[in-house]
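>>> Generate a structure from the sequence data that follows.
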Amino acid sequence: MFCQLTLETRIHWPIFVASASSWRSLTMTIWYLTDLVGTSVFAISGALSALRKKMYHDLFGIFFVAFLTAIGGGTVRDIIMGAYPIAWIRDPNYLIVIIASVVVAVFCRKWWLGLLHRPLLLFDTLGIGIYAILGMQKALAHGVNNWAAMLLGIISALFGRVIRDTLVNDLPVIFDRQLYATPCLAGVIVYQIGWSMQIDPTLNFIVSAGTITIFRLLAIRNNWSLPRINV
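Residues are numbered from 1 along each chain as shown. Sure, this is the predicted structure:
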């Protein structure tokens with residue numbers, strides 16, 4: 001009987017380990033693909049901003065704006081944390097995704113700028129939700145304190161957009177009266193609360209990113225803005 005139990009244990013234990021390892025691998029793949037999707041969304045947003053400024057004959061300029069929009073926030077976050085090598089330098093897939101996204105944006109520009117204006121606004125909003133929480137997750141994994149992790153999450157979501165607006169001579173979004181940073185702040189606070197309560201990371205991510213997305217969409221729909229400071 002003892003030998004039988006030992007044999008069964010030896011048979012089933014590697015299967016359990018393999019299943020747990022496969023689940024972790026699947027989870028990491030999902031986060032990785034989510035990051036690439038967010039990179040693509042921001043790259044398209046940057047390319048379309050350049051096209052709106054009539055940069056039709058400057059393909060490198062369009063790519064440059066799209067590139068900085070896509071990687072700006074994450075790069076600043078990683079530099080502040082000292083997390084080297086930076087993701088897009090280590091992994092060429094980020095550059096491939098950005099190039100492909102710029103090509104799609106340029107060749108489908110009439111479609112994007114016409115029919116898909118509102119969906120792109122939605123994608124941009126989803127992008128800041130994804131990047132704010134992913135950025136905070138990476139900061140926490142790097143051992144950053146909770147308050148700094150929240151700030152780095154907001155930087156991940158917004159700094160690429162600030163760079164984009166500056167390059168195309170628009171008012172940077174964080175200086176606009178529209179609520180943009182505030183939804184990100186609400187989302188990272190929700191994530192921090194969930195993280196402190198040890199809620200499942202995937203559920204915490206969905207709830208927190210959803211908070212940012214819904215808050216931002218409601219702000220757009222109802223034209224919410226912060227009160228002015230009278231001097």
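
>>> So residue 150 versus residue 110, what's the distance?
Between residue 150 and residue 110 the distance, using C-beta to C-beta, to the nearest Å, works out to 40 Å. Heads up, the C-betas are built off the backbone N, CA and C, glycines and all.

>>> More neighbours: those two, which one.
Looking at residue 150 and residue 110 with other C-beta atoms under 10 Å, you find the greater number of neighbours at residue 150, namely 23 against 9.

>>> Can you tell me the element that one falls in?
helix 146-167 (DSSP states H and E).

>>> From the chain's centroid, how far away is that helix?
Its chain's average C-alpha position is 10 Å from that of helix 146-167, according to C-alpha atoms, centre = their mean, to the nearest Å.

>>> Mind listing what's buried along that helix?
The neighbour-count check on helix 146-167 (16 or more other C-beta atoms under 10 Å) flags 149-165, 167 as buried.

>>> so where's the chain shaky on pLDDT?
Along the chain, segments meeting pLDDT under 70 span 1-28, 56-57, 111-120, 123, 176-177, 229-231.

>>> What segments of it are helices?
2-52, 59-81, 87-90, 93-107, 109-114, 117-141, 146-167, 181-196, 201-222 (DSSP state H).

>>> List of residues touching the last one?
When contacts are defined by C-beta atoms under 8 Å, 6 or more residues apart in numbering, helix 201-222 is touched by residues 27, 121-122, 125-126, 128-130, 132-133, 137, 157, 178-180, 182-184, 186-188, 190-191, 194-195, 224-225.

>>> Can you list the buried residues in that helix?
204, 205, 207, 208, 209, 211, 212, 213, 215, 216, 219, 220.

>>> Output those residues in a markdown table, with distance to residue 50 appended to each entry.
A markdown table is the format used below for those (distance: C-beta to C-beta, whole Å):
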| residue | distance to residue 50 |
| --- | --- |
| 204 | 35 |
| 205 | 31 |
| 207 | 34 |
| 208 | 31 |
| 209 | 27 |
| 211 | 31 |
| 212 | 25 |
| 213 | 25 |
| 215 | 28 |
| 216 | 23 |
| 219 | 25 |
| 220 | 22 |
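
>>> Now for these: which two are most distant?
204 and 220 (24.9 Å; C-beta to C-beta).
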